[in-house]
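*Asks:* Take this sequence and fold it.
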Amino acid sequence: MGTLYIVPTPIGNLEDMTLRGLRILREVALIAAEDTRASRILLRHFAIDTPMTSYHEHNKLDKLDKLFAALDSGDVALISDAGTPGISDPGLELIQQAIARDYLVVPLPGACALTTALVGAGLATDRFLYVGFLPRRPAALRELLGRLKERRETLVAYESPYRLGAALQAIVETLGAERRVCVAREISKKFERFYRGTAGELCQHFAEESPRGEVTLVIAGAEASQANWTRRQVEAGLAERLAAGEALSKAARDVARLAGWKKGAVYQLGIAMTRD
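*Replies:* As a prediction, this is how the structure comes out:
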């Protein structure tokens with residue numbers, strides 16, 4: 001039984017390819033690539049002639065049998081268009097299936113737009129929440145941002161350059177014009193740039209300048225003063241979770257994180273509520 005290797009590929013500069021990743025791509029029996037046309041350029045650059053097959057959103061279910069047949073007799077490497085497979089791409093299903101079938105899955109560290117944008121944004125990195133690609137529909141986007149408004153973690157999302165202006169406008173309207181934001185564009189490529197400022201400033205900037213290339217959005221979490229809940233809000237949050245059968249300790253921890261309260265204070269409030 002072979003091993004499924006998850007191999008990150010460059011998100012821009014080809015020098016971002018790791019030596020270990022190159023060795024794995026040369027040694028495996030088969031490479032499963034999200035886009036074989038883009039991947040051929042990479043393999044040709046590094047003189048790698050390993051057989052390759054496509055594995056993408058539109059054929060992933062049809063390709064599973066072929067890939068697991070290959071794994072039964074040798075190793076397989078999974079690569080995406082760029083970056084680390086499994087993050088907002090069809091590689092996740094293959095990884096899950098391989099784990100469920102008891103194949104060895106070995107992820108390699110490497111290029112990833114998510115973490116690169118996060119550390120380059122200059123915002124807090126001790127806690128962050130990745131929300132994937134932002135919704136296309138304006139109503140769905142505002143609904144998502146509304147649910148995230150009081151989250152204390154730094155938020156990271158992928159966005160199309162064609163919808164960046166609308167996304168920034170929604171951030172201004174939902175999270176506030178003063179919320180700190182970073183737009184990371186063309187990471188690791190020739191025209192890489194990080195735009196840092198308030199949501200209002202960047203909204204104005206990109207209303208005047210059309211963005212190009214891949215975009216990663218990094219949004220500051222809510223300040224403590226923004227996130228603090230009233231006692232009534234905390235009680236309502238606890239009541240909802242307790243009514244759903246959640247244990248008081250877990251409910252108190254989750255509500256405290258959202259409300260900007262200390263867990264002990266929320267827990268004591270929960271005890272008092274259950275006594276009433």
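
*Asks:* Can you identify the element that follows the worst-scoring helix or strand of the chain on mean pLDDT toward the C-terminus?
*Replies:* When each helix and strand of the chain is scored by mean pLDDT, DSSP states H and E, helix 224-227 comes last, with a mean of 57. Using DSSP states H and E, the helix or strand that follows helix 224-227 in sequence is helix 231-243.

*Asks:* I'd like the next helix or strand past that following helix.
*Replies:* Following helix 231-243 toward the C-terminus (DSSP H and E): helix 248-259.

*Asks:* Distance from the next helix or strand after that next one to the middle of the chain?
*Replies:* Going down the chain from helix 248-259, the next helix or strand is helix 263-275, by DSSP H and E. Relative to its chain's centre, helix 263-275 lies at 34 Å (C-alpha atoms, centre = their mean, to the nearest Å).

*Asks:* Run me through the strand neighbours of the helix or strand hosting Phe194, direction for each.
*Replies:* Applying DSSP H and E as the criterion places Phe194 in strand 193-198. Using DSSP bridges, strand 193-198 pairs in its sheet with strand 180-185 (antiparallel).

*Asks:* Just the mean pLDDT for the partner strand, thanks.
*Replies:* Averaged over strand 180-185, pLDDT sits at 97.

*Asks:* mind saving the C-alpha coords of that strand as CSV?
*Replies:* Taking Å, rounded to 0.1, in the frame of the first residue of the first chain, the C-alpha atoms of strand 180-185 are listed here in CSV:
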residue,chain,number,x,y,z
ARG,A,180,-8.0,47.6,10.1
VAL,A,181,-7.6,45.6,6.8
CYS,A,182,-4.8,44.3,4.6
VAL,A,183,-5.2,43.5,1.0
ALA,A,184,-2.4,41.1,-0.1
ARG,A,185,-2.1,41.0,-3.9
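
*Asks:* Contacts for that strand next, please.
*Replies:* 113, 116-117, 120-123, 161, 164, 168, 171, 191-199, 202, 206, 211-220 (C-beta atoms under 8 Å, 6 or more residues apart in numbering). No exception for glycine: its C-beta is placed from N, CA and C like everyone else's.

*Asks:* of the residues you listed, buried ones?
*Replies:* 113, 116-117, 120-121, 123, 161, 164, 168, 171, 192, 195-196, 198-199, 202, 206, 211, 214-220 (16 or more other C-beta atoms under 10 Å).

*Asks:* The residues you listed in helices, which ones?
*Replies:* Ala113, Thr116, Ala117, Gly120, Ala121, Leu164, Leu168, Ile171, Ala199, Leu202, Phe206 (DSSP state H).

*Asks:* Pull the residues that contact the strand holding Phe194.
*Replies:* Contacts of strand 193-198 (C-beta under 8 Å, 6+ apart): 117, 120-122, 177-186, 202, 205.

*Asks:* hmm, 10 Å instead?
*Replies:* 117, 120-123, 171-172, 176-187, 201-206, 209, 211, 213, 215-216, 218, 220 (C-beta atoms under 10 Å, 6 or more residues apart in numbering).
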